[in-house]
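[1] structure for the following, please:
(2 chains)
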Amino acid sequence: MRLSQYFLPVLKEVPKEAEIVSHRMMLRAGMIRQQAAGLYSWLPLGYKVLRKVQDIIEQEQNRAGAIELLMPTLQPADLWRESGRYNDYGKEMLRIEDRHERDLLYGPTNEEMVTDIFRAYVRSYKELPLNLYHIQWKFRDEVRPRFGTMRSREFLMKDAYSFDLDMEGARKAYQRMFVAYLRTYWRMGLTAIPMKADTGPIGGDLSHEFIVLADTGESAVFCHADLLDKAIPSIDTNFLGDLDPIVDDWTSLYASTEEMHDAAEYERSVPADKQISARGIEVGQIFYFGTKYSEPMKATVTGADGKDVAVHMGSYGIGLTRIVPALIEAFHDDDGIIWPVSVAPFEAAILNLKSGDALCDETCEKLYAELQAAGIDTLYDDRSDGAGAKFATADLIGVPYQVILGPRGAKSGEVEIKHRRTGERETIGIADAVSRIVGLVVPERRDTV
RNA sequence: CGGGGCAUAGCUCAGCCUGGUAGAGCACUGGUUUUGGGAACCAGGGGUCGCAAGUUCGAAUCUUGCUGCCCCGACCA
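    Numbering: from 1, shown residues only, chains lettered A, B, ... in the order given. Next up, the predicted model:
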């Protein structure tokens, strides 16, 4: 993309409403625009990141055997009356009436609707297990939305729902999502730790929140330090096989959010030099809830013994519009964002320090064409601005690798490659620049391991 | 939902206390000179001072009501 042809409204000054670093940087980098409290437009740069996050989530959900569909944002109130939640949910749920005076609601979640789809078509235990997911906009009328898209009223969420004949089947479904989540966050460059979470009235141990450690996190968390560098299940993990060893390994070390924290157990099981007490951002939750919806909504299948049983369900959420700011909280410095390659809006940027100079223009055009031909998602800063402005913009929007070319280099046949994350700079012959960028970028995509 | 605060140019803000022709920096337009870390100079354009009522000869400024937004807390399947 040529920057002169793009829409990238970066801000030099910080809008006063932004408090935390990710919110400030999303506004400054021209990623989002607030339209009302808790409502945001995603501008091109922000939307590009959001799409990359979505692609990774879809790939890993599909790999784990979940099947994608799409349910509407508006739902009939009657479904929620069946489960009893229409009255229970409170003012967080946005209620709407259509022209025929039918009660609708803007969905805050989709258990009822997916259960309705399931019960309409599935009759036999032979059709199980089943896991259906979608990625759709949700709305919760938060009393106090804040921190930009970290806690907005309208938000994009991946929610998966598993259906199984019994508790044991549901446990396996849960484990598949557990492993898929480990891979999903890792692919985005995030270290997300599964922590014991509250299961409410259901009980049991089948609920985890996936937490990214960050100073600005909303909740206090406690965990064993070794969880921070545990190996991630590989791309050839067999999701139809036995996942117990992986899940057991990850859940054998102490990790808990504040609500479930057991201080005595923490002190007893975690050596003092391994104790991590920090703040964290919840970027996902997986949850087994049994027959909570299948019973009242009569989502049953006929078992091998000829008897009808209510299916055991679980739900598995990832907040996409929260992951983007969480990534920024995890990866930034004073100059701006530092995107991991796998979610970066552009993988490399070419900075033409003297647009209008014939040799600079010609060399940059050639590099741009070659990088694109090599499959690198490239931003070419061909604006007529000064060098300083180009450096500042590139650093702010966080492109992982900058290919910097000025009149000096154009003459001597060299470019400078700046690594955004480390600040490292290397000078390299122009002829070698493209293969060098490919060599740096491709392994960091994390899409083949 | 309790408490606090803010609303003036696209952005950050001054002016308000003590009523009298609406300002600065950045951004934008034209021009000249620049060009390796958000350039300099010259000349321009841009405002129902959030909305409504009131007080006054006169309101950005004082009063009342409303709306929107932010911060702290409570809340967060």
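[2] break chain A down into its structural domains.
    A:31-330, A:338-444 (automatic domain parsing).
[3] can I get these in CSV with distance to A:Pro9, mean pLDDT and mean neighbour count?
    Backbone N, C-alpha and C define where each C-beta goes, glycine included. Shown next, in CSV, are the domains of chain A (distance: least, Cβ to Cβ, whole Å; pLDDT from 0 to 100; neighbours: other Cβ atoms under 10 Å):
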stretch, distance to A:Pro9, mean pLDDT, mean neighbour count
domain A:31-330, 7, 93, 18
domain A:338-444, 11, 96, 18
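[4] tabulate those domains (CSV), appending distance to RNA strand B.
    Listed next are the domains of chain A as CSV, based on distance: least, Cβ to the nearest atom of the strand, whole Å:
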stretch, distance to RNA strand B
domain A:31-330, 3
domain A:338-444, 3
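[5] of those, which is nearest A:Phe7?
    Taking Cβ to Cβ as the criterion, A:Phe7 comes closest to domain A:31-330 out of the domains of chain A, the separation being 5.2 Å.
[6] what's the first-to-last distance across that closest one?
    Using Cα to Cα, to the nearest Å, one end of domain A:31-330 lies 17 Å from the other.
[7] now it, how far from the centre of its chain.
    Distance of domain A:31-330 from the chain centroid (Cα atoms, centre = their mean, to the nearest Å) equals 11 Å.
[8] and stretch A:358-372, by the same measure?
    Averaged over its C-alpha atoms, stretch A:358-372 has a centre that lies 34 Å from its chain's centre (Cα atoms, centre = their mean).
[9] what does stretch A:118-132 contact?
    Residues from elsewhere that reach stretch A:118-132, judged by Cβ atoms under 8 Å, 6 or more residues apart in numbering: A:64-69, A:114, A:117, A:160-165, A:169, A:172-173, A:176-177, A:294, A:297-304, A:311.
[10] of the residues you listed, which belong to helices?
    A:Val114, A:Ile117, A:Gly169, A:Lys172, A:Ala173, A:Arg176, A:Met177 (DSSP state H).
[11] for the fifth one, which non-adjacent residue is spatially closest?
    In this structure, A:Ala173 finds its nearest non-sequential neighbour in A:Ser162, 3.7 Å apart by Cβ to Cβ, 6 or more residues apart in numbering.
[12] just give the nearest non-adjacent residue to A:Ala433, would you?
    A:Val415 (5.1 Å).
[13] report the two of the ones in helices among the contacts of stretch A:118-132 separated the most.
    Checking the ones in helices among the contacts of stretch A:118-132 against each other with Cβ to Cβ, the farthest-apart pair comes out as A:Ile117 and A:Lys172, at 21.7 Å.
[14] would you agree A:Met181 is in contact with A:Val283?
    Heads up, residue A:181 is Tyr, not Met. No: between A:Tyr181 and A:Val283 there is no contact, the gap being 9.0 Å when judged by Cβ atoms under 8 Å.
[15] mutual contacts of these two, please.
    With contacts taken as Cβ under 8 Å, 6+ apart, A:Tyr181 and A:Val283 have A:Ala192, A:Phe210, A:Ile318 as neighbours in common.
[16] for the nearest residue to the first one once chain neighbours are set aside, what are phi and psi?
    The reference is to A:Ala192. Closest residue to A:Ala192 apart from its sequence neighbours, by Cβ to Cβ, 6+ apart: A:Tyr185 at 3.7 Å. A:Tyr185 adopts backbone torsions of phi -70, psi -40, taken as degrees, to the nearest 10.
[17] so A:Tyr185 sits against A:Phe210, correct?
    Yes: in this structure, A:Tyr185 is within contact of A:Phe210 by Cβ under 8 Å, at 6.4 Å.
[18] now the common contact residues for the two.
    In terms of Cβ under 8 Å, 6+ apart, A:Tyr185 and A:Phe210 are both contacted by the residues A:Ala192, A:Val283, A:Gly284.
[19] so of those, which ones are in strands?
    Mapping the shared contacts of A:Tyr185 and A:Phe210 onto strands (DSSP state E) picks out A:Ala192, A:Val283, A:Gly284.
[20] quick one, what contacts the second one?
    When the contact criterion is Cβ under 8 Å, 6+ apart, the partners of A:Val283 are A:Tyr185, A:Leu190, A:Ala192, A:Phe210, A:Ile211, A:Val212, A:Ile318, A:Gly319, A:Arg322, A:Ile323, A:Ala326.
[21] residue contacts, the first one?
    By Cβ under 8 Å, 6+ apart, A:Tyr185 lies in contact with A:Thr191, A:Ala192, A:Phe210, A:Val212, A:Val283, A:Gly284.
[22] next one: the second one
    Counting by Cβ under 8 Å, 6+ apart, A:Leu190 makes contact with A:Val212, A:Val283, A:Ile323, A:Ala326, A:Leu327, A:Ala330, A:Pro340.
[23] any idea how far it lies from A:Gly148?
    According to Cβ to Cβ, to the nearest Å, A:Leu190 stands 18 Å off from A:Gly148.
[24] picking that back up, export the domains of chain A to a markdown table and append columns for distance to A:Leu3.
    Listed next are these as a markdown table, based on distance: least, Cβ to Cβ, whole Å:
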| stretch | distance to A:Leu3 |
| --- | --- |
| domain A:31-330 | 11 |
| domain A:338-444 | 5 |
